[in-house]
Structure formats: structure tokens, C-alpha cells
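Engineer: Below is the structure, and that's it, no one-letter string:
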């Protein structure tokens, strides 16, 4: 079908992957997935054509271990996102000998070997269907939604001994480049303790060293946070080193952790 070939000024090989017959006899959905050479070569007119085609996510297929400057480019639209995926690894010497040095790299001959070497980079753990239970059906008009699994279907993390509600996950896991955490290439964290905890930040009006809760509380993310150790206190209260005698500061200053200043001695 000739209408699969598109013209984006600057790119030489843009095709719509819709209308292709799948192994089980179905047909891929037109307009859902397009492929091209690097968009970094697009002119302003080419970017406009890409955007007008409805593209909002660009998946950049990279090779782990290689510097590829032509794949480093900025997108001109705020709602157009880039996702980078490393699908090959040039630090694999056997792969280099078998495919790169023979000139057969990126030909159809090497794809099966690449899938067998790095299944987690092509599908498997990162497959859409692992979280979206009807991902295939929505592209053949057999479902109204791609289906969604909540975070707890795979992650059974607990915070302070309690199960974390699904609605709370996104408070700390913010994602990258405008995309939610579940579509980010790495686990992203942002400590937003105030979403659940109402305690005041200790001495933040007094000391510039106190930036956030993590200044004093350094326990694992999903564990109950204990009282800070002595080193966390003496980082600001250096004079305390003269009288601590090896005891933790909270032995006497029990209510100091979330107070503006250390409380009176409480023995």
C-alpha cells in the first residue's frame, strides 16, 4: 500500500506500520505506529508534518555502549515526548564479531539473535501487555481500553508497616520528561513526605542545612523512619559533641526532631 509512505521534510524513510498482516491473521492499526530515520534531521516543516500526523511519543532505539550524536535532539512541541530504549549492546564481543564486523548489523538476518540475547530490551518484562491487559485488542478495535494493572499488581511495597495505597504511589514516583513513572526507563523518586505526614520540618527557618525530611531521616524509602542518628544532629549542632558522652541526642531531647529547636532535657 503506497499510502504507507509519508513525506516529512528532512527524513528519507517514513512509513506507517498500519495495514500489515500479523502472524495470527489480524491487521495492524493504521496511524498507531510510524517508523522513520532519526527525527533529528527534520526541518521545521518536517516537525510540523510529524505533529500533524498525531505523533506525541517518539521512541528512540539506541545501542548501549555507543555515542550517537545524531540521536540527541530537542523536540519543538511541549506535548511531544521522547523515550529512549537501548536494544543492542556493543560491549558484547560475540555480537560484534558475528554481526557488526560482517556488515550484517541491522539487517533482517540479525534480529532473531538480538531477541534471544536481550529479550528484556525488546519485549518480555517491558512488553506493553504485561501491564495493559488488552493492548493488542485495542489496536484491532476489539476493546475500548488497553486495560490497566495498578502498581500493586507487581509491587507489594509497604511503608512504615502499612500497605501503600495505589493513589499514593504517584506522590513519590514522579516519572521523567513529563511521562508518568510507569513509562519511565528508570525508577524515579521525589520525596513528598508532606503528602501523608503533617509534622513540621525541623529548624528549617533557623538553618539552611535543613532542606527536606531526608536531611535527617535517611532510612529506606518504604521503611518506617527511625529517630535520626547522632551524626544527623551534630551536623548542625556541633556544640553537642562536647557533652554527648556517646549517647544519642534523642535520649534527652526526645521531642526535638520536629520542633524548631531542641526541647529541654527530659530525663
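Structural biologist: Structure's in. What do you need? Keep in mind that what you see is a predicted model, and the values were worked out from it rather than measured. Numbers count the residues shown, from 1 in each chain.
Engineer: so where is the stretch 151-267 of the chain shaky, pLDDT-wise?
Structural biologist: 156, 160-161, 176-179, 183-187, 205-206, 242, 244, 254-256, 260-267 (pLDDT under 70).
Engineer: Can you show me the helices along it?
Structural biologist: Ranges of helices within the stretch 151-267 of the chain are 166-172, 230-234, based on DSSP state H, counting those that start in this stretch.
Engineer: Contacts for the first one next, please.
Structural biologist: By that I understand helix 166-172. Residues outside helix 166-172 that contact it (Cβ atoms under 8 Å, 6 or more residues apart in numbering): 150-152, 155, 159, 180-181, 189-192, 195-196, 221. (C-beta placed from N, C-alpha, C; glycine too.)
Engineer: got it, and the shortest one?
Structural biologist: Contact partners of helix 230-234, identified using Cβ under 8 Å, 6+ apart, comprise 215, 216, 218, 240, 241, 244, 248, 249.
Engineer: Distance to residue 146 for these - can I get that in TSV?
Structural biologist: Listed next are the contacts of helix 230-234 as TSV, based on distance: Cβ to Cβ, whole Å:
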residue	distance to residue 146
215	41
216	43
218	39
240	56
241	58
244	58
248	52
249	53
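Engineer: how about the residues you listed in TSV, adding distance to residue 27 and neighbour count?
Structural biologist: Output for the contacts of helix 230-234, formatted as TSV (distance: Cβ to Cβ, whole Å; neighbours: other Cβ atoms under 10 Å):
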residue	distance to residue 27	neighbour count
215	57	18
216	59	20
218	54	13
240	72	15
241	73	10
244	73	15
248	68	13
249	69	21
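Engineer: isn't residue 6 right next to residue 12, touching?
Structural biologist: No: using Cβ atoms under 8 Å, residue 6 is not in contact with residue 12; the gap is 11.2 Å.
Engineer: Now for these two: what residues contact both?
Structural biologist: Common neighbours of residue 6 and residue 12 (Cβ under 8 Å, 6+ apart) do not exist.
Engineer: So the nearest residue to residue 133 once chain neighbours are set aside, which state does it fall into?
Structural biologist: Spatial nearest neighbour of residue 133, chain neighbours left out: residue 147 (3.5 Å); criterion: Cβ to Cβ, 6 or more residues apart in numbering. Look at residue 147: counting by DSSP: H, G, I helix; E, B strand; the rest coil, its state is coil.
Engineer: Show me where the stretch 1-150 of the chain has its helices.
Structural biologist: 44-52, 93-95, 111-117, 119-122, 135-138.
Engineer: mean confidence for the last one?
Structural biologist: Regarding helix 135-138, the rounded mean pLDDT is 72.
Engineer: Out of the helices of the stretch 151-267 of the chain, which gets nearest to residue 94?
Structural biologist: With Cβ to Cβ as the measure, helix 166-172 is the member of the helices of the stretch 151-267 of the chain nearest residue 94 (39.9 Å).
Engineer: in the closest one, what's buried?
Structural biologist: By neighbour count on 16 or more other Cβ atoms under 10 Å, the buried set for helix 166-172 is 169, 170, 171, 172.
Engineer: can you list the residues you listed in JSON lines and add distance to residue 41?
Structural biologist: Formatted as JSON lines, the buried residues of helix 166-172 follow (distance: Cβ to Cβ, whole Å):
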{"residue": "169", "distance to residue 41": "39"}
{"residue": "170", "distance to residue 41": "36"}
{"residue": "171", "distance to residue 41": "40"}
{"residue": "172", "distance to residue 41": "39"}
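Engineer: which of the residues you listed lies closest to residue 17?
Structural biologist: residue 170 (31.6 Å).
Engineer: And this protein, split by domain according to the record?
Structural biologist: As recorded under automatic domain parsing, the domains making up the chain are 2-126, 151-190.
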